[in-house]
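**Student:** Build me a structure from this.
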Amino acid sequence: MAIVETNKPYKLTPIRELPPTKRTKHSMYDDILNDVVASPERLLKIEVPGKTAKSMYASFKSRIKKRGLFLKVRVRANVLYLEKIY
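**Tutor:** Modelled structure (predicted):
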């Protein structure tokens, strides 16, 4: 089926396959979680330049659940904390 050219503000182009993703194989959040698990401290404050506590909360929450770690994510006054739970 051919695409018919008309005077529309968009263009449709058929392709055979999607281009590969540019996803990183490595995550800063996973590095942080590895460091927290290896640390002897029970409660740690997490600061990442350019990231808000809200945005980090969602990322950490999903990674902790996916990895089955015994950690809780807490936000107090726009500061993110990771707490080990035993």
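**Student:** Identify the residues contacting the residue nearest the centre of the chain.
**Tutor:** By Cα atoms, centre = their mean, the chain has its centre lying nearest to S59, at 4.0 Å. Residues counted as contacts of S59 (Cβ atoms under 8 Å, 6 or more residues apart in numbering) are Y29. Every residue, glycine included, has its C-beta placed from N, CA and C.
**Student:** State the pLDDT value of it.
**Tutor:** Note on S59: pLDDT of 94.
**Student:** ok so it is a strand residue?
**Tutor:** No - under DSSP: H, G, I helix; E, B strand; the rest coil, S59 sits outside any strand and is assigned helix.
**Student:** Start the count at 49 instead of 1 going forward.
**Tutor:** Sure thing, new numbering starts at 49, so read that last one as S107.
**Student:** how close does it sit to P97?
**Tutor:** 15 Å (Cβ to Cβ, to the nearest Å).
**Student:** what's the answer for Y105, then?
**Tutor:** Y105 is 17 Å from P97, by Cβ to Cβ.
**Student:** which one of these two has more residues nearby?
**Tutor:** More crowded of Y105 and P97, by other Cβ atoms under 10 Å: Y105, with 15 against 4.
**Student:** Check the gap between the more buried one and K70 for me.
**Tutor:** 25 Å.
**Student:** repeat for K59
**Tutor:** From K59 to K70 the distance is 23 Å (Cβ to Cβ).
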